[in-house]
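A.B. asks: no sequence on this one, just coordinates:
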Ligand code: SF4
């Protein structure tokens, strides 16, 4: 896998749960039926009515919500996964920089009515490079990373997949 094949969503999942990253990347997808994901998709469709250029596909690899002057914009429902959102944005900024385009990022959180500015400093760029190496290592594994219960699990589309046996044992 080359760096350019890594999707923004995979960078997000890497920051949330490495097991989720592995399952998703191996084609075990359940996100489409997840209400939260559908909600997110609708949010993206309605966002930025004032901007003409929305959902921009860069080199057939990653999709950016919108460009707004010197900013790349992303809209999220809430800031619960703020660190993962930041990493995803940093990845976009990094990929753009590789193509000679230097931008900042703006992440808008509709629930909190807040906007975070993201800048690709040298230190942040190093974090992105480290994350990409980590993603490649995880995807080379023949099996998914072990199960660790996270605060986020009950909201995850893979919850049934990961915890079905545990639930059966409780019954
Ligand atoms: S349910 Fe939890 S452990 Fe399983 S993929 Fe989702 S976040 Fe990771």
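C.D. replies: That came through, no problem. Note that the coordinates shown come from a computational prediction; the quantities given were computed from them, not determined experimentally.

A.B. asks: what residue ranges in the chain score low on pLDDT?
C.D. replies: Within the chain, the segments meeting pLDDT under 70 span 1-4, 31-55, 165-171.

A.B. asks: Show me what from it comes close to the ligand.
C.D. replies: On the criterion Cβ under 6 Å from any ligand atom, the ligand has as its neighbours in the chain the residues 17, 19, 20, 23, 147, 150, 152, 153, 156, 158, 159, 162. For the C-beta atoms, the positions are set from N, CA and C on the backbone; glycine is no exception.

A.B. asks: For the residue nearest to residue 87 when sequence neighbours are not counted, list the residues it contacts.
C.D. replies: Nearest residue to residue 87, sequence neighbours excluded (Cβ to Cβ, 6 or more residues apart in numbering): residue 15, at 4.6 Å. By Cβ atoms under 8 Å, 6 or more residues apart in numbering, residue 15 lies in contact with 81, 83, 84, 87, 88, 131.

A.B. asks: Which of those fall within helices?
C.D. replies: Under the assignment DSSP state H, the contacts of residue 15 contribute 83, 84, 87, 88, 131 to helices.

A.B. asks: I appreciate the help and will end here.
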